[in-house]
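>>> Got a sequence here, can you model it:
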Amino acid sequence: MSRKPLAEIAKEMAGIDIAILSTHTENGEIANRPMSNNGDVAYDGTSYYFAYEQTRTVSDIQRNPKVALGFSSEAGLFSNGIYVAVEGTAELIRDKAAFQQHWTSDLDKWFDRGIDTPGIVLIKVKASRVTYWQGNQEGQVRL
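Below you'll find the model as predicted:
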């Protein structure tokens, strides 16, 4: 198993916008959904996503903050693309200053009143373990 530092993995992840966010449902099943990081792709072990307060994503996190993220670059399975699995803890942020810090105009199509849209929440995912696969290399980083 190889040992790339997080900074090198982050460099390989640059430009990956969509992640699959996995949560635990109330009956213990795993729920998955695509989430956009809104172009905030400078990965340091923390990811941010916006959602509406009333979604199952938010209620799942309130019940159990342990989540997973999956990232994949555009390359094929046997090329130099990278696949990254992140295990971490989610936090729900309801502070408009934090919203502003992570807001991009692309979000306006989902949240029509910007950071003043009623019922939005910012999901912050802090990684505890990052596992990666790239070509014939694989490894993990604990944070």
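
>>> where do the strands sit along the protein?
Along the chain, counting by DSSP state E, strands occupy 18-24, 30-36, 46-52, 66-72, 82-93, 120-134, 137-142.

>>> closest one to residue 11 among these?
Ranking those by distance to residue 11, with Cβ to Cβ as the measure, places strand 82-93 first at 9.7 Å. No exception for glycine: its C-beta is placed from N, CA and C like everyone else's.

>>> ok, the residue lying closest to residue 56 once chain neighbours are set aside - how many residues close by?
Residue nearest to residue 56 in three dimensions, not counting chain neighbours: residue 31, with 6.4 Å by Cβ to Cβ, 6 or more residues apart in numbering. Burial of residue 31, expressed as a neighbour count using other Cβ atoms under 10 Å, amounts to 13.

>>> And residue 31, how close does it get to residue 61?
Residue 31 sits 11 Å away from residue 61 when distances are taken as Cβ to Cβ, to the nearest Å.
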